[in-house]
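Peer 1: Based on what follows, work out the 3D shape:
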Amino acid sequence: MIKEIHMRVLPQVAYDNKALYDNLAKLAKVDKNSINGIQIKRQSIDARRYPVMVDMSVLTFINEEVAIPYEKTVYKDVHGAQKVIVVGEGPSGIFASLRLLELGLCPVVLEMGEDVHTRRKSIATMVGLNSVNEKSNYCFGEGGAGAFSDGKLYTRSKKRGNSDKVISQFCQHGADTSILGSAHPHLGTDKLPGIIEQMRKTIVAHGGEVHFNTEVVSLIEDSEKVTGVTCADGTTFTGPVVLAIGHSAGNMYESLMQSGHKIEAKGIAIGARLEHPQFLIDQIQYKDKNGRGKFLPPAEYSFVTQAENRGVYSFCMCPGGFVVPSHTQNGHAVVNGMSPSNRGGKWANSAMVVELHPEDLPPQFSGALGMLNFQKALEKKTWDCINDGLTIPVQRMSDFCNKKISSTLPENSYPAGVMSADLNTLFPAFVAARLKIGLESFGRKARGFMTNEALLMATESRTSSPVRIVRDTTSLMGKEGFFPCGEGAGYAGGIVSSAVDGMNVADAVARYLA
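Peer 2: Sure, this is the predicted structure:
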């Protein structure tokens, strides 16, 4: 018998295996020894009041063999099949490639950066040398920006496609099946590279190709049709082109613009990484001076408000995580956050960002590439503020709101050095003023959140692509044979929505070739 049991329990029941089985046996009215296994279908923490409770739906296998908790995807052998060029091996590129295998088409993946394990070494070297490897860094390389940014799999974009299939394919390639039932699933910076490697092995084993250190610089095209790509070393690849370049490939946007492809400026959000001690966030969110205790996971938060008709919100919250240099170019400074699978670090960080629309920008940043140029100018200003390699400007949270330079700085997670600066003068006034309003609002909502123990680190500016490569809503093509895809094309945000868009584009390629 397989019985689905819904329950609302204390953390010491939900997160202790023995107590959980005891409770399930009691609710099912069976002997505990008859339970061969369980699958958590849904699990979420309710911390709105004390005591904290956990809501769960659990499939309980009573005298029954435990089934695989997801449907495995079957991939075809595509040796000798029609080739499809996939530019970029981030989430949209990987999942487009896996879907192409299902459809009997041969993905030829061209990735500018290194494989995920070599990339990890390059990142460590980058921090040690205090300079940017412009081809392989926290944004560029196998896995894209998502490979080293916590691996969050939460998405609200359920209507765009089969997001459950994305989660299942992660499990099929080595992810822990606990992500299937989590309200906010994540993989962890330490686990994601191995999963990505297994996905690449699937692509290659079934006849696809993956080429690293292969930078695409232009499309092969005429006035009507795209038929392939040209790489920096002069090598060409022919076939329909899926462009899955991620949100940081500014050079490609400029190349497409020069070639006459339709591109439009898109809104983004910019601000800073805000880092608190994790224990303080646990106290606030779990409403307990002792923090999360033995059983609860590190606490998360999510805030949003309006300031002068623009949204201010937290983004990409990393409990137990750390802040990293996400620079892609020397002379331009960017930060991001991540956390390992156990989220066991001393700090909690999230992006605190202000919504920007193209019409908000000064006149010199008009046009299709205006938002991109604004983003680049702010990142350069951030670098010039300190002008010492990967060292970044920072300010205590309360000091920022009070327009006071921080005379001392707290211990923090950023590995490449920080220096006190006035972020009110670094950010444009229309950003700084709204960010201050937002932070003060969040401080009123969560007592203790507004504190000088927290540190604002500049600049968080890669929340999404600053442009959209226009494509037809039905065929998903720009020009014939050309399929802009994922976050870099302006049609997704985050790992899961990018993966879904990649699968949708693969389907569109199959329709085009048919």
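Peer 1: So which other helices or strands are in contact with the strand ranked longest in the chain?
Peer 2: Ordering each strand of the chain by length in residues (DSSP state E) puts strand 310-325 first. Under the contact definition 3 or more C-beta pairs under 8 Å, 6 or more residues apart in numbering; DSSP states H and E, strand 310-325 sits against strand 268-277, helix 278-286, strand 304-307, strand 335-338, strand 347-356, helix 429-445. Using the backbone N, CA and C atoms, a C-beta is placed for each residue, glycine as well.
Peer 1: Identify whichever of those lies nearest to Leu243.
Peer 2: Closest to Leu243 of those is strand 268-277 (C-beta to C-beta; 19.3 Å).
Peer 1: Give the rounded mean pLDDT of the closest one.
Peer 2: Averaging pLDDT along strand 268-277 gives 98.
Peer 1: Kindly report the same for stretch 399-416.
Peer 2: The average pLDDT within stretch 399-416 is 97.
Peer 1: same check, this time on stretch 32-49
Peer 2: Here the average pLDDT along stretch 32-49 is 93.
Peer 1: closest to Cys485 out of the helices and strands packed on strand 310-325?
Peer 2: Among these, strand 268-277 comes nearest to Cys485, with 18.6 Å by C-beta to C-beta.
Peer 1: what helices or strands is the closest one leaning on?
Peer 2: Using 3+ C-beta pairs under 8 Å, 6+ apart, strand 268-277 is in contact with strand 310-325, strand 335-338, strand 347-356, helix 370-386, helix 429-445, strand 455-460.
Peer 1: Isn't Gly194 up against Gly174?
Peer 2: Yes - if you go by C-beta atoms under 8 Å, Gly194 and Gly174 touch, sitting 6.0 Å apart.
Peer 1: CA atoms only for the top helix by length along the chain - export them in CSV, please.
Peer 2: Longest helix in the chain, counting residues (DSSP state H): helix 495-513. The C-alpha coordinates for helix 495-513 follow below in CSV (Å, rounded to 0.1, in the frame of the first residue of the first chain):
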residue,chain,number,x,y,z
ILE,A,495,18.1,28.3,-13.8
VAL,A,496,14.7,26.7,-14.1
SER,A,497,13.1,29.3,-16.4
SER,A,498,16.2,29.3,-18.6
ALA,A,499,16.2,25.5,-18.8
VAL,A,500,12.5,25.5,-19.7
ASP,A,501,13.1,28.1,-22.4
GLY,A,502,16.0,26.0,-23.7
MET,A,503,13.6,23.0,-24.0
ASN,A,504,10.9,25.1,-25.7
VAL,A,505,13.5,26.4,-28.2
ALA,A,506,14.7,22.8,-29.0
ASP,A,507,11.1,22.0,-29.8
ALA,A,508,10.9,25.0,-32.1
VAL,A,509,14.1,23.9,-33.9
ALA,A,510,12.6,20.5,-34.4
ARG,A,511,9.4,22.1,-35.9
TYR,A,512,11.6,24.3,-38.2
LEU,A,513,13.6,21.3,-39.5
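Peer 1: Distance from that helix to the middle of the chain?
Peer 2: 18 Å (C-alpha atoms, centre = their mean, to the nearest Å).
Peer 1: follow-up on the earlier one: which parts of the longest strand of the chain are buried?
Peer 2: Residues 310-325 are the ones in strand 310-325 that count as buried (16 or more other C-beta atoms under 10 Å).
Peer 1: Taking strand 455-460 as reference, get the angle to it.
Peer 2: Orientation check (axes from the mean of the first three to the mean of the last three C-alpha atoms, to 10 degrees): strand 310-325 against strand 455-460 gives 100 degrees.
Peer 1: quick one: strands adjacent to strand 310-325?
Peer 2: strand 304-307 (antiparallel), strand 335-338 (antiparallel), strand 347-356 (antiparallel) (DSSP bridges).
Peer 1: Ala232 is nearest to which of the ones you listed?
Peer 2: Once the strands paired with strand 310-325 are compared by C-beta to C-beta, strand 335-338 is nearest, at 26.1 Å.
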